[in-house]
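dropping a prediction and its sequence here:
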Amino acid sequence: MSMQNSYSTIEKRYEPKYRTEINHSRNTVEVEGVFTMTVADLLSEVLGEKIYSDAIVFKPQSPCSYEFKDSLLEKERFKEIFDSSDLGAIIDRLSLVAEHRHIHLSKLPEKTNLKIKRH
């Protein structure tokens, strides 16, 4: 049986700020930005090298609501860590939060815009 690494302590550090930023997102574009930036920061910390948010794509209408670009998938270290840890489950949880907020904001964009104008 192979050893499973856990990055849940890193997830717990990112989660409060992430949830606050997602909940304060005013539109679907902001939700996407918060998700991709947070995942990029988390991966940067895990991998020990800078990962940019453009290596992550948020796809809320797809069965898997995110994907990684080839620039990230080609990194051997990324593949090793992703396959031998809970990193996939962590990113799944982050994407679920973003997807719910995205759905909420996309249902009534004119109502959301009215709230923004009042502030």
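Sure, I can see it. Treat the numbers as computed from the prediction; the structure is a model and nothing was measured. Numbering: from 1, shown residues only.

roughly how far apart are residue 76 and residue 18?
In this structure, residue 76 lies at 28 Å from residue 18, with Cβ to Cβ, to the nearest Å as the measure. Just so you know, the C-beta spots here come from the backbone N, C-alpha and C atoms, and that holds for glycine as well.

repeat for residue 78
Summarising the geometry, the distance separating residue 78 from residue 18, computed by Cβ to Cβ, is 21 Å.

what are the boundaries of the helices in the chain?
Here the chain has its helices, by DSSP state H, at 8-23, 28-47, 70-73, 76-83, 87-107, 109-118.

buried residues in the third one?
Residues of helix 70-73 classed as buried under the neighbour-count rule (16 or more other Cβ atoms under 10 Å) are residue 72.

ok, stretch 81-97 next?
Applying 16+ other Cβ under 10 Å to stretch 81-97 flags 81, 82, 85, 86, 87, 90, 91, 94, 95, 97 as buried.

likewise stretch 43-58?
Neighbour count says stretch 43-58 has 43, 46, 47, 51, 53, 55, 56, 58 buried, by 16+ other Cβ under 10 Å.

tell me the pLDDT of the nearest residue to residue 22 once chain neighbours are set aside.
What sits nearest to residue 22 in space, not counting adjacent residues and going by Cβ to Cβ, 6 or more residues apart in numbering, is residue 101, at 5.0 Å. According to the model's per-residue confidence, residue 101 sits at a pLDDT of 95.

can you pull the contacts of residue 101?
For residue 101, the residues meeting the contact criterion (Cβ atoms under 8 Å, 6 or more residues apart in numbering) are 22, 23, 25, 31.

change it to 10 Å
Counting by Cβ atoms under 10 Å, 6 or more residues apart in numbering, residue 101 makes contact with 19, 21, 22, 23, 24, 25, 28, 30, 31, 34, 35, 60.

relative to residue 71, how far out is residue 91?
Looking at residue 91 against residue 71, where the rule is Cβ to Cβ, the gap reads 17 Å.

nope, residue 18 is what I was after
From residue 18 over to residue 71 the distance is 23 Å, taken as Cβ to Cβ.

got it, and residue 4?
Taking Cβ to Cβ as the criterion, residue 4 is separated from residue 71 by 26 Å.
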